[in-house]
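Student: Any chance you can model this:
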Amino acid sequence: MSSSSPALPRRALILGALALGGCGFAPVYGTSGAGGALRNAVDIETPATREGFRLRARIEDRLGRTASPRYRLRVALDIDANPVAITTQQDTTRYNLPGIATWTLMEMGDDTALASGQVDTFTAYSAAGTTVATLEAEGDARDRLGTALADLIITRLMIAAQDL
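Tutor: Predicted coordinates:
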């Protein structure tokens, strides 16, 4: 191996950083990033369900809570439970939990949408244990679903924030 091979990765790293800077890349959460417009500025409305609570908590963790909101984020959830593994005795041993979140971002006091969209994902849980274990597994899956939907909404909000 020659002594010039460590320089090649270093040069590639420097050239890559320059290319990112030249293409308009800017960190969303940076001091001048688009995410700053939403930080501590969004009131979140979600359904009064386990998933809605988890979704709201996750968005508040990422965007912060606000005492004087500038924006309102309204989220509707559509969640289903689908059996996917059934034994020969017709007992369901596994469920998929697909969820769809439809969201709208508005200015406070105005119902005109600044941005809106729909995200979807799923989680799953096992129903093969005791009743208590199955209920705990379902609850955990619903919590994970709310968190995953919140993360997808945040990604879309950060894209939309560039136009606010």
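Student: who does the lengthiest helix in the chain touch, helix- and strand-wise?
Tutor: Under DSSP state H, the helix in the chain containing the largest number of residues is helix 131-161. Contact partners of helix 131-161 among helices and strands, from 3 or more CB pairs under 8 Å, 6 or more residues apart in numbering; DSSP states H and E: helix 50-63, strand 71-79, strand 92-107, strand 113-126. All C-beta spots, glycine's among them, are computed from the backbone N, C-alpha and C.
Student: Could you give the average pLDDT over the second one?
Tutor: Yep, that's strand 71-79 we're talking about. For strand 71-79, mean pLDDT rounds to 97.
Student: so what's the residue lying closest to residue 58 once chain neighbours are set aside up against?
Tutor: Excluding its sequence neighbours, the residue lying closest to residue 58 (CB to CB, 6 or more residues apart in numbering) is residue 150, at 3.6 Å. Counting by CB atoms under 8 Å, 6 or more residues apart in numbering, residue 150 makes contact with 54, 55, 56, 58, 59, 62.
Student: Return the member of these nearest to residue 128.
Tutor: Proximity of these to residue 128 (CB to CB) peaks at residue 54, which lies at 24.3 Å.
Student: The closest residue in space to residue 138 that isn't next to it in sequence bridge partners, please.
Tutor: Spatial nearest neighbour of residue 138, excluding adjacent residues (CB to CB, 6+ apart): residue 125 at 5.3 Å. Beta bridges link residue 125 to residue 95, judged by DSSP bridges.
Student: Can you tell me the number of residues neighbouring residue 138?
Tutor: If you count neighbours by other CB atoms under 10 Å, residue 138 ends up with 18.
Student: ok so, going back, which ones are touching the residue nearest to residue 138?
Tutor: Applying CB under 8 Å, 6+ apart, one finds that residue 125 lies in contact with 94, 95, 97, 134, 137, 138, 140, 141.
Student: quick one: it from residue 132, how far?
Tutor: Residue 125 sits at a distance of 13 Å from residue 132 (criterion: CB to CB, to the nearest Å).
Student: same question, residue 13
Tutor: For residue 13, the distance to residue 132 equals 53 Å [CB to CB].
Student: cool, and residue 123?
Tutor: Distance, residue 123 to residue 132, using CB to CB: 19 Å.
Student: Compare these two and say which one has the larger neighbour count.
Tutor: Between residue 123 and residue 132, residue 123 has the larger neighbour count (other CB under 10 Å), namely 21 against 8.
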